[in-house]
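1. what shape does this take:
(one chain, ligands or ions: 2)
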Amino acid sequence: MAYIEPAPIKDTENPLESMMQRFNTAFELLGFDEEMYDILKVPAKQVVVGLPVTMDNGKIKIFEGYRVIHSNILGPAKGGLRFDPGVNLNEVKALAAWMTWKCAVVDIPYGGAKGGVTCNPREMSAGELERLMRTYTQTMLGVFGPDRDIPAPDMGTGPREMAWLMDEYSKANGMTVHSVVTGKPLVLGGSEGRVEATGRGVMVCALVGMEKLRVNPYHATCAVQGFGNVGSHAARLLHERGVKVVAISDVTGAYYNKKGIDIKAAMEYTEKNNRSLAGFKGGEKIDPADLLTLEVDVLVPAAMEDVIVETNAPKIRAKMIVEGANGPTSAKADKILNEKGILAVPDILANAGGVSVSYFEWVQNRLGYKWTAERIKRRSDRIMKEAFERVYATSLEYKVPMRIAAYIVALKKVADTYQFRGGY
Ligand SMILES: NC(=O)C1=CN([C@@H]2O[C@H](COP(=O)(O)OP(=O)(O)OC[C@H]3O[C@@H](n4cnc5c(N)ncnc54)[C@H](O)[C@@H]3O)[C@@H](O)[C@H]2O)C=CC1
Ligand SMILES: O=C(O)CCC(=O)C(=O)O
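-> Numbers count the residues shown, from 1 in each chain. Ligands and ions are numbered 1, 2, ... in the order given. Take a look at the predicted model:
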């Protein structure tokens, strides 16, 4: 189905600037020296490649692909692969740095990376996407590796794409290498729970946040922007815990139902409708911009960067924002939300459930063993709750919002590790 994509609301900032503003604030509070500033700021590696792909019409099209390793000081670099028309080097640099801070916040032994290809997967056939993913993997053979850099899904990619990547990497190495990528299908060494993991972490953060705000989940309402991997599972899991999800949206539009959207029905609908909510009848269609300003207890932006910005932040009425997406709130909007007393659970904490279960997948692959779904859920919930409390306590100690507290936790950990490793 053809549709016009709503243009994202754009701030004057870009994700990299937004990330750096928070980084600078936390860095100053920690009083580190200037050398440490450059060490933590500058990405370790940036790779930009041209990817020739034979399209279904027989013509060759060149796509631009990226992989940025921000840091590998805590361990092998880790981070997703994004297929989206908006992918560019600056965005990938910001996303890679966020991965470093995220892994540090949840205390898993990884550095940060991110990759992407500027393309529109919604307009490409499965064959074109497979050729693109295999070509991308070929160009990254010297970058990826189970002990070097381990990709995973992000916007526009999922288990299918990870399977192609694993297969291409394995062929090039003459052996099956499961642990080079996470987020694979279960039959290919994927982990129980990875598909829902990011949404599950969002749900855990939302529940702990509600506890802090003394909001009863059974009386709470929620709006979710983005109904892909993260948003749909976050909505489902919150709904299962008694929260009324009154609005959902995707790139095709937004849907509101005062009595609560039937999330299971919405998921079944998108499953059959090429992953799209277009034509969904479970709610009245509303302006997508209005979803963000609904009077709800919890707002979950789970689509893309810079959707809560200086212009709409004053109108936000949610008590709490739990950031499923990476970078949904600009630095300028942060200030406004803080002044309004809205509790913002930042991306580098709220969406870390995905990379946490990716870590479990990698551990299982290396052990050649499989854990049960129950074990995965128990361990990832514990990671998320402990990380939330760590960041919350830091925010009280430094008298800063949770976002800055999360950066403080992360910068401290990475800087401490640098000091011990030394050698520079
Ligand atoms: N997949 C994962 O495990 C993780 C994803 N994230 C972040 O979560 C966000 C979403 O990622 P996924 O769910 O994996 O992607 P996805 O590709 O599965 O879903 C993205 C959803 O957002 C919707 N969307 C796109 N533009 C929109 C707009 N302008 N308004 C409303 N909806 C819009 C799409 O239609 C789709 O429903 C991204 O920021 C990603 O970096 C963060 C951590 C892990
Ligand atoms: O699962 C992973 O390794 C990374 C997921 C990701 O890209 C993210 O957390 O933004």
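
2. what does the stretch 201-350 of the chain put close to ligand 1?
-> By the rule C-beta under 6 Å from any ligand atom, the part of the stretch 201-350 of the chain lying against ligand 1 is 225-231, 249-251, 288, 302-304, 324-326. No exception for glycine: its C-beta is placed from N, CA and C like everyone else's.

3. for the longest strand seen in the chain, packing partners?
-> Longest strand of the chain, by residue count under DSSP state E: strand 60-71. Here strand 60-71 touches strand 45-54, strand 77-84, helix 89-105, strand 111-118, helix 126-139, going by 3 or more C-beta pairs under 8 Å, 6 or more residues apart in numbering; DSSP states H and E.

4. buried residues in that strand?
-> For strand 60-71, a neighbour-count test (16 or more other C-beta atoms under 10 Å) marks 63, 65-71 as buried.

5. residue contacts, G112?
-> Applying C-beta atoms under 8 Å, 6 or more residues apart in numbering to G112 gives the contacts 69-71, 77-79, 96-103.

6. is stretch 171-182 positioned near ligand 2?
-> Yes. With C-beta under 6 Å from any ligand atom as the criterion, ligand 2 is reached by stretch 171-182 at T182.

7. ok, now how distant is G193 from S356?
-> From G193 across to S356, the span is 10 Å (C-beta to C-beta, to the nearest Å).

8. looking at those two, which has the bigger crowd around it?
-> S356 (27 against 22; other C-beta atoms under 10 Å).

9. quick one: the more buried one and R382 touch, right?
-> No. Using C-beta atoms under 8 Å, S356 is not in contact with R382, being 9.6 Å away.

10. please identify the helix or strand for Q364.
-> helix 353-367 (DSSP states H and E).

11. tell me which other helices or strands that helix touches.
-> Using 3+ C-beta pairs under 8 Å, 6+ apart: helix 353-367 touches strand 77-84, helix 89-105, strand 149-153, helix 194-213, helix 373-398.

12. pull out the buried residues from the second one.
-> Across helix 89-105, burial judged by 16+ other C-beta under 10 Å covers 89, 91-105.

13. whatever residue of the stretch 301-424 of the chain ends up closest to ligand 2: neighbour count?
-> Nearest residue of the stretch 301-424 of the chain to ligand 2: S358, at 3.3 Å (C-beta to the nearest ligand atom). By other C-beta under 10 Å, the residues close to S358 number 29.

14. if I look at it, how far off is L337?
-> 29 Å.

15. with E397 instead?
-> Taking C-beta to C-beta, one finds E397 at 21 Å from L337.

16. just A331 next, same as before
-> 11 Å.

17. circling back to that earlier point, near ligand 2 too, which of the residues of the stretch 201-350 of the chain next to ligand 1?
-> Near ligand 2, by the rule C-beta under 6 Å from any ligand atom, you find N326 out of these.

18. which residues does the closest residue to G354 other than its chain neighbours contact?
-> Distances taken as C-beta to C-beta, 6 or more residues apart in numbering place T198 nearest to G354, at 3.5 Å, with adjacent residues excluded. By C-beta under 8 Å, 6+ apart, T198 lies in contact with 229-230, 233-234, 324, 351, 353-354.

19. likewise K319?
-> Residues near K319 by C-beta under 8 Å, 6+ apart: 213, 215, 296-298, 342-343.

20. spell out which residues of the stretch 51-200 of the chain are next to ligand 2.
-> Contact residues, the stretch 51-200 of the chain versus ligand 2 (C-beta under 6 Å from any ligand atom): 78-80, 99, 102, 152, 154, 182-183.

21. so which of those wins on neighbours?
-> G79 (33 neighbours).

22. identify each buried residue in stretch 389-404, please.
-> 390-392, 394-395, 400-404.

23. repeat for stretch 402-415
-> Per 16+ other C-beta under 10 Å, stretch 402-415 contains these buried residues: 402-411, 413-415.

24. quick one: it near ligand 2?
-> No. Applying C-beta under 6 Å from any ligand atom, one finds stretch 402-415 separated from ligand 2 by no less than 13.4 Å.

25. which residues of the stretch 1-150 of the chain score low on pLDDT?
-> Counting by pLDDT under 70, the stretch 1-150 of the chain has low-confidence residues at 1-13.

26. go again using 90 as the cut-off
-> 1-17, 33-41 (pLDDT under 90).

27. what sits against the residue in the chain positioned nearest to ligand 2?
-> Ligand 2 sits closest to G80 of the chain, with a gap of 2.5 Å, by C-beta to the nearest ligand atom. The contact partners of G80, taken as C-beta under 8 Å, 6+ apart, are 95, 114-115, 151-155, 157, 183, 354.

28. 7 Å - rerun?
-> Contact partners of G80, counting by C-beta atoms under 7 Å, 6 or more residues apart in numbering, are 114, 151-154.

29. how about E305: what's its closest non-neighbour residue?
-> G327 (3.9 Å).

30. give me the element that neighbour is part of.
-> G327 belongs to no helix or strand, assigned by DSSP H and E.

31. number of nearby residues for it?
-> 26.

32. my guess is it meets L16, correct?
-> No. Using C-beta atoms under 7 Å, G327 makes no contact with L16, being 9.4 Å away.

33. any common contacting residues for those two?
-> By C-beta under 7 Å, 6+ apart, the residues touching both G327 and L16 are A94.
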